[in-house]
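Engineer: structure, please.
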Amino acid sequence: MAASEKWHDLGEVDLLSNTPLQQITIGRTRIALTYKDGRFSAISGVCNHVGGPLGSGHLEGDYVVCAWHHYKYHYATGKGEPGYEDDRVPRYELKLEGGHVFINLEAQTTRSKPHHDPHPLARPIHREPGVPRILGISTTAMDAAYPRYSTSDALLMTALQHAESLGAQTRLITLNSLRFRHCEGYYSKSAHACTWPCSITQMDPEDQLDQVYEALIHWCDAVIISTPIRWGSASSLYFKMIERMNCVQNQVTIANNTLIRNKTAAFIITGGQDNIQAVAGQMLMFFSELGFDFPQFPFIAHSRGWSAEDMENNVAFVQRNRELHDGARELSKRTIEKAQALIDSNALTRIERGGRKGHHMETE
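Structural biologist: Below is the predicted model of the structure:
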């Protein structure tokens, strides 16, 4: 045996051949061991993308598919799938002796990770000079072909129009018009599998939640989010959005990277049924976890109560109620004032993690 060879006993052939693909760790070396067509093969168990465990994935034809984000490598050569062969992980030499499988821990090939430009959302965050920029996000779901009157949307439009009259720049995003996938639980696989930008955003160019990420992280100084109340909760589109925004919060806990700084959030909540305080509480908690600040009295709300099922009367009430629309204007004014104060303070010093996120997570 050559002096440069470093052979390690992986175990008995009979036991190892029972599993088509498995992750094996030897010291600091991770191996994806396969048993296919009566033959053992070994490649690195570390994916080129963000270090996912290749041996914990699955075999798809001749390719090992990473458990985290589905990147593929040939089970024997370590090369990427067709068209991406240069994206390669190391392969290892194996031998069978005395009913055992041995591996040479000196890789037979090198890792090759071609340069890829970072995703546009991953660029440094820099606020361009100018007036406060106010983002409105509508979370109302409806049939685009047959739209109905939305009380939460109506008050959001009042707030944005008033922001413009006060000299702010505004932008409106209606989630109902965006095509975006549900959160697919990458965080459930591993904390580090939830990336910034969102793994789905990186892999699927047709996913349109990038518009929300772009506006929230890079464009706006403040956001006003409107939602109807649905069975005591915010809308389904609201929750679909914030589940995908978990990647923003995870940057704080996993990478100690606070993406939201000097930004303000406020809310508009309306519905036929009550439970305003619970809906507002959830929204305040979630957006505070992202790093947003809030104006005094950070939401306005309206509900006609549990017994009010005559929604047509609720619509008419909101349409003609001056107090509600004045409240939206005042909310807009408070939000702009808070945003301007944060802009003027330019408080870009390091922000310590607080609350239940105040300690470093056990992710190693």
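Engineer: how about stretch 105-120: buried residues?
Structural biologist: Neighbour counts over stretch 105-120 (16 or more other Cβ atoms under 10 Å) mark 105, 107 as buried. In this view, the C-beta of every residue, glycine as well, is placed from N, C-alpha and C.
Engineer: got the end-to-end distance for that stretch?
Structural biologist: Using Cα to Cα, to the nearest Å, the end-to-end distance of stretch 105-120 comes to 38 Å.
Engineer: next, the buried residues of the one helix or strand in the chain whose mean pLDDT sits lowest.
Structural biologist: The weakest-scoring helix or strand in the chain, judged by mean pLDDT, DSSP states H and E, is helix 311-320 (a mean of 79). Within helix 311-320, the residues scored as buried using 16+ other Cβ under 10 Å are 314-315, 318.
Engineer: ok, stretch 130-140 next?
Structural biologist: For stretch 130-140, a neighbour-count test (16+ other Cβ under 10 Å) marks 132-140 as buried.
Engineer: again, but for stretch 236-254
Structural biologist: Within stretch 236-254, the residues that qualify as buried are 237-242, 244-254, counting by 16+ other Cβ under 10 Å.
Engineer: mind listing the helices for the protein?
Structural biologist: 13-16, 151-165, 186-189, 199-203, 210-213, 236-244, 246-255, 276-290, 311-320, 322-345 (DSSP state H).
Engineer: so what secondary structure elements neighbour the first one?
Structural biologist: What that stands for is helix 13-16. Packing partners of helix 13-16 (3 or more Cβ pairs under 8 Å, 6 or more residues apart in numbering; DSSP states H and E): strand 100-104.
Engineer: kindly format the C-alpha coordinates of the strand it packs on as PDB.
Structural biologist: Output of strand 100-104 as PDB, limited to C-alpha atoms (Å, rounded to 0.1, in the frame of the first residue of the first chain):
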ATOM      1  CA  HIS A 100     -15.500  -5.100   4.300                       C
ATOM      2  CA  VAL A 101     -15.600  -1.900   2.300                       C
ATOM      3  CA  PHE A 102     -12.500   0.300   2.500                       C
ATOM      4  CA  ILE A 103     -12.200   3.900   1.300                       C
ATOM      5  CA  ASN A 104      -9.100   5.900   0.400                       C
END
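Engineer: which residues touch the closest residue to Asp87 other than its chain neighbours?
Structural biologist: Of all residues not flanking Asp87 in the chain, Gly80 sits nearest, at 3.7 Å (Cβ to Cβ, 6 or more residues apart in numbering). Shown in contact with Gly80 (Cβ atoms under 8 Å, 6 or more residues apart in numbering): 71-74, 86-88.
Engineer: just Lys189 next, same as before
Structural biologist: Lys189 neighbours (Cβ under 8 Å, 6+ apart): 67-68.
Engineer: same question for Asn257.
Structural biologist: Contact analysis of Asn257 by Cβ under 8 Å, 6+ apart lists 196, 251.
Engineer: what's the mean pLDDT across stretch 50-66?
Structural biologist: Mean per-residue pLDDT for stretch 50-66: 96.
Engineer: just the residues contacting it, thanks.
Structural biologist: 20-24, 30-34, 36, 43-47, 49, 67-76, 81, 89, 190, 192-193, 195.
Engineer: which of the residues you listed are buried?
Structural biologist: Neighbour counting with 16+ other Cβ under 10 Å marks 21-24, 30-34, 43-47, 49, 67-69, 71-76, 81, 89, 190, 192-193, 195 as buried within those.
Engineer: the least confident helix or strand of the chain versus helix 151-165: what angle between them?
Structural biologist: On the basis of axes from the mean of the first three to the mean of the last three Cα atoms, to 10 degrees, helix 311-320 is oriented at 10 degrees to helix 151-165.
Engineer: what helices or strands is helix 311-320 leaning on?
Structural biologist: If you count contacts as 3+ Cβ pairs under 8 Å, 6+ apart, helix 311-320 packs onto helix 151-165.
Engineer: so how far is the helix it packs on from its chain's centroid?
Structural biologist: Relative to its chain's centre, helix 151-165 lies at 28 Å (Cα atoms, centre = their mean, to the nearest Å).
Engineer: picking up where we left off before, between the contacts of Gly80, which is nearest Gln211?
Structural biologist: Gln211 lies nearest to Tyr71 out of these, by Cβ to Cβ, at 25.6 Å.
Engineer: domain-wise, how is this protein divided?
Structural biologist: Domains of the chain are assigned by automatic domain parsing as 7-104, 120-357.
Engineer: picking that back up, lowest-confidence stretch among the helices of the chain?
Structural biologist: Looking at the helices of the chain, the bottom one is helix 311-320 with a mean of 79.
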